[in-house]
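>>> Curious how this folds, go ahead:
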Amino acid sequence: MLKRKHFYLPLFIILVLVLSLFSMGAEGCPISDRYSLTINVSPTEGGSVSPSGGGYDPGVTVTISATANSGYVFDYWSGSASGTSATTTIVMDANKSVTAHFAPVVQTYTLTTSVSPSGAGSVSPSGGEYDAGTEVSLSATANSGYAFDYWSGSSNATGPNIKITMDSDKNVIANFAATGPTVLFSDDFSNPNSGWVTYNASDGKVAYQNGYFYIKDYTNPEMAVYGEAERYFTDFILEVETWLAGWWHR
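Residues are numbered from 1 along each chain as shown. Here you go, the predicted model:
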């Protein structure tokens, strides 16, 4: 009986050790308790994620980072992760599957608008940044005394409402025209430096004096003595308020 006991006891111990080895992982942790992390990328050409996945012990926190390829930007995480930051963390308390989503980079263009003449009207919208291919509706509104005339720059349309396709940077000018009489020049002579030519000669005298512009003829009444503002216009109406101020002696 003693010999049989000495023969079977070592065999039993060996069998227990062998079974234990088969149920343990390389790191001494039960294989059945390790969790897998699966990483996906959408679209596949959009970028990459580091680390790309693997097996982890329970409770391990894994930091994953998304890197976009040229022409793409990182968008968001889905699956076992969420958020829009390119770097996030995963706690391995179960098998996890994470997808990194990337989006194509969108080209943008600048729309600039202006009004001619300044103050004659407005354009809505006044400009801004737009994605490539965006169709922008523009409207020109005239201020009092003006009417919309035509567009120039990136458009040659003649109607106040147009559409611009943003396939490049665009500069649009809304041109307005005056609808009523425009005062080209006026002077109340309160400023002696307003530009009129003055002189004192043998045939007459022209001068600013006390807020007025005086013209005196010393010669034959048939001769003309006058002052000049040295401004030249065509197709205009001239209105002048004058009166006899009396004799003016040198």
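
>>> from here on, contacts and neighbour counts on C-alpha atoms
Noted.

>>> Next, count neighbours for residue 94.
Neighbour count for residue 94, taken as other C-alpha atoms under 10 Å: 16.

>>> Within its sheet, name the partner strands of the helix or strand containing residue 99 and how each one runs.
Taking DSSP states H and E as the criterion, residue 99 maps to strand 96-104. Within its sheet, strand 96-104 is paired with strand 35-42 (parallel), strand 72-79 (antiparallel), according to DSSP bridges.

>>> tell me the mean pLDDT over the last one?
Rounded to a whole number, the mean pLDDT of strand 72-79 is 97.

>>> What of stretch 131-146?
Stretch 131-146 comes out at a mean pLDDT of 96.

>>> shaky segments in the protein?
1-32, 220-223, 245-250 (pLDDT under 70).

>>> Not including adjacent chain positions, what is the nearest residue to residue 48?
Distances taken as C-alpha to C-alpha, 6 or more residues apart in numbering place residue 67 nearest to residue 48, at 5.4 Å, with adjacent residues excluded.

>>> just residue 52 next, same as before
Per C-alpha to C-alpha, 6+ apart, closest to residue 52 is residue 39, 5.7 Å.

>>> and if you look at residue 125?
residue 138 (6.2 Å).

>>> Relative to residue 161, how far out is that neighbour?
Per C-alpha to C-alpha, to the nearest Å, residue 138 is found 6 Å from residue 161.

>>> higher neighbour count, the two?
A count of neighbours by other C-alpha under 10 Å puts residue 138 above the other of residue 138 and residue 161, at 18 against 14.

>>> what pairs with residue 216 across the strands?
Beta-bridge partners for residue 216, by DSSP bridges, are residue 205.

>>> From residue 49, how far out is the residue nearest the centre of the chain?
The centre of the chain sits closest to residue 129, judged by C-alpha atoms, centre = their mean, with a distance of 3.4 Å. Distance, residue 129 to residue 49, using C-alpha to C-alpha: 32 Å.

>>> residue boundaries of the helices in the protein?
2-22 (DSSP state H).

>>> the domain parsing of it - what is it?
Annotated domains of the chain cover 35-105, 108-178, 183-245 [automatic domain parsing].

>>> Run the chain-centre distance for the first one.
For domain 35-105, the gap between its own C-alpha mean and the chain's C-alpha mean amounts to 32 Å (C-alpha atoms, centre = their mean, to the nearest Å).

>>> Next, the distance between the ends of it.
End-to-end distance (C-alpha to C-alpha), domain 35-105: 35 Å.

>>> Same question for the second one.
Between the opening and closing residues of domain 108-178 there is a gap of 36 Å (C-alpha to C-alpha).

>>> thinking again about what came up before, including distance to residue 115 and mean neighbour count, could the strands paired with strand 96-104 go into a markdown table?
Shown next, in a markdown table, are the strands paired with strand 96-104 (distance: least, C-alpha to C-alpha, whole Å; neighbours: other C-alpha atoms under 10 Å):
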| stretch | distance to residue 115 | mean neighbour count |
| --- | --- | --- |
| strand 35-42 | 46 | 18 |
| strand 72-79 | 38 | 18 |
